[in-house]
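> Task: produce atomic coordinates for the following.
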Amino acid sequence: GKFGVASMPISIETFFGKADVMDEIVQFMSDENLSGFLGIMFKCMEGDHLRRQLVLCGVFPLQELVDFVRGPEYHLDLEEIHPVKLMTPDLALSVRYFIQHNPKPSRKQIAPMLSAFFEGHQSVGSDSLQ
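Purely as a prediction, here's the structure:
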């Protein structure tokens, strides 16, 4: 299956503050022919510090993927956050939000990491979603 990784030069709070954002995400995944997963990387400056956040959106339960990206070999130092005002219940998508405390890994590192996960989990996000 095809998955996507998008990059946004804003914060999770700004992006998910929009009213119809979940509809937009579902529509984007459909338009891009993504078979069930989208990672969205957010970055913004806070003073002189680069702040990174990561959102995982999938049409399958995300726990296995979360455990994978939190693996010690990746050093992302992810802290899960539960932004209450962002929790739009959308039955079509599971969504998990993280602060990425190690700002060094960018899309260039994270996209291959996600590829590695999906290569090892062909069934996730492919057969069940067609």
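
> what's the closest non-adjacent residue to the spatially most central residue of the chain?
Nearest to the mean C-alpha position of the chain, counting by Cα atoms, centre = their mean, stands residue 56 at 2.4 Å. Leaving out its chain neighbours, the residue that sits closest to residue 56 by Cβ to Cβ, 6 or more residues apart in numbering is residue 96, at 4.8 Å. Using the backbone N, CA and C atoms, a C-beta is placed for each residue, glycine as well.

> if I've got this straight, that neighbour is in a strand?
Yes: checked against DSSP: H, G, I helix; E, B strand; the rest coil, residue 96 lies within a strand.

> Go ahead and confirm residue 6 touches residue 42.
No: taking contacts as Cβ atoms under 8 Å, residue 6 lies outside contact range of residue 42: 9.4 Å.

> In which helix or strand does the closest residue to residue 29 other than its chain neighbours reside?
What sits nearest to residue 29 in space, not counting adjacent residues and going by Cβ to Cβ, 6+ apart, is residue 38, at 5.4 Å. According to DSSP states H and E, residue 38 maps onto strand 37-46.

> Over to residue 51?
strand 49-58.

> Please enumerate residues in contact with that strand?
Strand 49-58 is touched from outside by 11-12, 16, 25, 29, 36-45, 62, 65-66, 69, 76, 78, 93-100, 103, 106, 110, 125, with contacts defined as Cβ atoms under 8 Å, 6 or more residues apart in numbering.
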